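**Student:** I would like the atomic coordinates for the input below:
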Amino acid sequence: MSSVTGSTSDQSASAAGSPAQDPSRRRSSTRSMSLLTIAAVAFSILSWSAAFVGVRDAVRHFSPGSLALFRYLIASLVLGAMLAAFRLPLPQRRDLPQLALVGLFGVATYNLTLNFGSQYIKAGSAAFLVQTAPLFTAIFAVLLLKERVTSIAFVGMGIGFAGALMIFFGEGKEVSLEPAALLLLLAALAFSLFFICQKPLLARYSAIQVITVAVWLGTLMMIPFGLDIGSEVADAPASAIWMVVFLGVFPAALAYASWAYALSRIPASKAGSFLYIGGPTTVVIAWLWLDEVPSLLSLIGGLVALTGVVIVNTWGRVSAKQATARQAEAQQTTALETEALETAATPTEPKRAGDLPSR
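**Tutor:** Take a look at the predicted model:
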């Protein structure tokens, strides 16, 4: 599907990180793109890690539905302003169903199940289940996006998951699977499908275009769950309101946009593996922000989680190169077949009038 045309739109889309760029220009700026991708991933992970600490405070003053709706109403305004600032057009109408799926999984389902589920089960159980998202992402990437993931990459993800568990056990938390844990398992599934559904769209639109419309649609889906938002905002202290503003601007709007930017440039399975960095990052933020000193087991778990991420992103490169080579070979074969068909379909020169048979 072709993206929106127009000289002004093309320039704006390029400035906003649209993947539709000249190939030679992209090859000449591979190094800068790699640095931008790393920065985008780091910003998203840092923002989402801070969100776990911020939600802990905000949820004391807002119900789960109102907190999610309030947060993403703010995110919708921020993303809308960014879309207007870059002068980007809205995606085509025929892509709205897929954008609605991105909003359904990544905004409405993930945030509502996470907020409601966290009310009924222990924090250790919640963290245990949410940390399964990278594994689900890798599985869906293989099955739905046909990405090539090596067995060593899955081993690295398992090591990252083990490191995340060490962090939570090191914080003195217990993991118990209760009936409400299904909500958290659904949150992990939804977050992984959030990555998968937006990946094809990022080949046609910029990260801001995709995330803005997806967040708008996901926010609309949450309205029935936050009907008391007006009274709760009126009763909440100013500190809680400013906390939700922070959660809406950074972890919701900017982090979602920067993650989509990174996802447009690396495989979904590899991007998902970076989520394991969130565990040790959250521990450090809680240490600096809430003065919660981590245990030795938590620190070791952080190193183990980082090791898993390094394994995925080091040994996974071989598979990525092979996949790129095979894709180039397949494209070359397709081009040759197309050329042969066009040659066969080219009409031959008509015979001269003198050569035509007489009646």
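
**Student:** Need the contact partners of stretch 59-70.
**Tutor:** If you take CB atoms under 8 Å, 6 or more residues apart in numbering as the criterion, stretch 59-70 is touched by 55, 58, 108, 111-112, 115-116, 118-119, 219, 222-223, 225-229, 232-233, 235-237, 240, 244, 248. (Each C-beta comes from the backbone N, C-alpha and C, glycine too.)

**Student:** show me the residues around V215 that make contact.
**Tutor:** 72, 75-76, 79, 103, 107, 252-253, 256.

**Student:** right, and L193 touches Y110 too?
**Tutor:** No - with contacts counted by CB atoms under 8 Å, L193 stays clear of Y110, the gap being 9.2 Å.

**Student:** follow-up on the earlier one: farthest pair within the contacts of V215?
**Tutor:** The most widely separated members of these are G103 and A253, with 13.5 Å between them, by CB to CB.

**Student:** Kindly tell me how buried L182 is, as a neighbour count.
**Tutor:** Other residues within reach of L182, judged by other CB atoms under 10 Å, total 14.

**Student:** swap in L184?
**Tutor:** With neighbours defined by other CB under 10 Å, the count for L184 comes to 25.

**Student:** where's it, which helix or strand?
**Tutor:** Using DSSP states H and E, the element containing L184 is helix 181-201.

**Student:** Buried residues, that helix. List them.
**Tutor:** Of the residues in helix 181-201, those buried by neighbour count under the rule 16 or more other CB atoms under 10 Å are 181, 183-199, 201.

**Student:** hang on, the earlier thing: mind putting the contacts of V215 into a markdown table with neighbour count, distance to T137 and secondary structure?
**Tutor:** Formatted as a markdown table, the contacts of V215 follow (neighbours: other CB atoms under 10 Å; distance: CB to CB, whole Å; DSSP: H, G, I helix; E, B strand; the rest coil):
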| residue | neighbour count | distance to T137 | secondary structure |
| --- | --- | --- | --- |
| Y72 | 28 | 22 | helix |
| A75 | 28 | 22 | helix |
| S76 | 22 | 25 | helix |
| L79 | 24 | 23 | helix |
| G103 | 26 | 18 | helix |
| V107 | 29 | 17 | helix |
| A252 | 29 | 20 | helix |
| A253 | 27 | 22 | helix |
| Y256 | 29 | 15 | helix |
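
**Student:** ok, back up a step: give me the mean pLDDT for the helix holding L184.
**Tutor:** With pLDDT averaged residue by residue, helix 181-201 scores 86.

**Student:** Any regions of the stretch 101-250 of the chain where pLDDT drops low?
**Tutor:** Within the stretch 101-250 of the chain, the stretches with pLDDT under 70 are 118-132, 149-150, 153-154, 156-158, 160-181.

**Student:** How are the helices of it distributed by residue range?
**Tutor:** 110-120, 123-130, 133-144, 151-170, 181-201, 207-222, 229-235, 238-247 (DSSP state H, counting those that start in this stretch).

**Student:** Please work out which of those is packed deepest.
**Tutor:** Stretch with highest mean neighbour count among the helices of the stretch 101-250 of the chain: helix 207-222 (a mean of 25; mean count of other CB atoms under 10 Å).

**Student:** between that helix and helix 110-120, how big is the angle?
**Tutor:** Counting by axes from the mean of the first three to the mean of the last three CA atoms, to 10 degrees, helix 207-222 lies at 50 degrees to helix 110-120.

**Student:** ok and helix 207-222 relative to helix 181-201, angle-wise?
**Tutor:** Between the direction of helix 207-222 and that of helix 181-201, the angle (the same axes, to 10 degrees) works out to 140 degrees.

**Student:** In which helix or strand does I74 reside?
**Tutor:** Applying DSSP H and E, one finds I74 within helix 64-85.

**Student:** what is the orientation angle of that helix with helix 207-222?
**Tutor:** Regarding helix 64-85 and helix 207-222, their directions subtend 150 degrees when assessed with the same axes, to 10 degrees.

**Student:** now helix 64-85 against helix 238-247, angle please.
**Tutor:** Using the same axes, to 10 degrees, helix 64-85 lies at 50 degrees relative to helix 238-247.

**Student:** Now helix 64-85 - C-alpha only, PDB.
**Tutor:** Listed in PDB are the C-alpha atoms of helix 64-85, where the atom choice follows Å, rounded to 0.1, in the frame of the first residue of the first chain:
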ATOM      1  CA  PRO A  64      -8.000   2.000  37.300                       C
ATOM      2  CA  GLY A  65     -10.400   3.100  34.500                       C
ATOM      3  CA  SER A  66     -10.200   6.800  35.200                       C
ATOM      4  CA  LEU A  67      -6.400   6.700  35.600                       C
ATOM      5  CA  ALA A  68      -6.000   5.000  32.200                       C
ATOM      6  CA  LEU A  69      -8.500   7.400  30.500                       C
ATOM      7  CA  PHE A  70      -7.000  10.600  32.100                       C
ATOM      8  CA  ARG A  71      -3.500   9.500  31.200                       C
ATOM      9  CA  TYR A  72      -4.300   8.800  27.500                       C
ATOM     10  CA  LEU A  73      -6.400  11.900  27.000                       C
ATOM     11  CA  ILE A  74      -3.300  13.800  27.800                       C
ATOM     12  CA  ALA A  75      -1.200  11.600  25.500                       C
ATOM     13  CA  SER A  76      -3.800  12.100  22.700                       C
ATOM     14  CA  LEU A  77      -3.300  15.900  23.000                       C
ATOM     15  CA  VAL A  78       0.500  15.700  23.000                       C
ATOM     16  CA  LEU A  79       0.600  13.400  20.000                       C
ATOM     17  CA  GLY A  80      -2.000  15.500  18.100                       C
ATOM     18  CA  ALA A  81       0.200  18.500  18.700                       C
ATOM     19  CA  MET A  82       3.200  16.600  17.400                       C
ATOM     20  CA  LEU A  83       1.300  15.400  14.300                       C
ATOM     21  CA  ALA A  84       0.300  19.000  13.500                       C
ATOM     22  CA  ALA A  85       3.800  20.300  14.200                       C
END
